[in-house]
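Colleague: no sequence on this one, just coordinates:
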């Protein structure tokens, strides 16, 4: 990405900004879950219990990612498409690529 594109991205208000506090709370809980899993390993707890917690953590992370993609589509992509041209197409491809990465994970 060139400097102009980076500057443009930073000047634009991100779609999640209205829900930033909610995302921060969710990420804080996820961080706590990760520390809890580390503690479980340190305390040599039952493997399946640890795997169950890892599954819950993975689901929580995916939920945050889906929310961010949704906000991105509703704001950043929609705005770029309205402007038209190459930027709109680039935002659609960027969102598509992000969704593909999310589905693969």
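Modeller: Everything's here; your move. All of these numbers come straight from a predicted model, not from anything done at the bench. Residues are numbered from 1 along each chain as shown.
Colleague: quick one: buried residues of the longest helix seen in the chain?
Modeller: Identified as the longest helix of the chain according to DSSP state H is helix 47-72. Residues 50, 53, 57, 60-61, 64, 67-69, 71-72 are the ones in helix 47-72 that count as buried (16 or more other CB atoms under 10 Å). All C-beta spots, glycine's among them, are computed from the backbone N, C-alpha and C.
Colleague: which one of those residues is nearest to residue 87?
Modeller: Residue 87 has its nearest neighbour among the buried residues of helix 47-72 in residue 72, at 14.1 Å by CB to CB.
Colleague: quick one: the helices in the chain, in order.
Modeller: With DSSP H as the criterion, the chain has helices spanning 3-11, 20-42, 47-72, 78-83, 85-104.
Colleague: and residue 79, how far from residue 72?
Modeller: Distance from residue 79 to residue 72, counting by CB to CB, to the nearest Å: 10 Å.
Colleague: looking at the buried residues of helix 47-72, which is nearest residue 37?
Modeller: residue 53 (5.1 Å).
Colleague: residue contacts, the most centrally placed residue in the chain?
Modeller: In the chain, the C-alpha nearest the mean C-alpha coordinate belongs to residue 65, at 3.0 Å (CA atoms, centre = their mean). For residue 65, the contacting residues are residue 102, by CB atoms under 8 Å, 6 or more residues apart in numbering.
Colleague: quick check: pLDDT value at it.
Modeller: The model reports residue 65 with a pLDDT of 94.
Colleague: hmm, back to that, which of the helices of the chain comes out lowest on mean pLDDT?
Modeller: For those, mean pLDDT drops lowest on helix 3-11, to a mean of 45.
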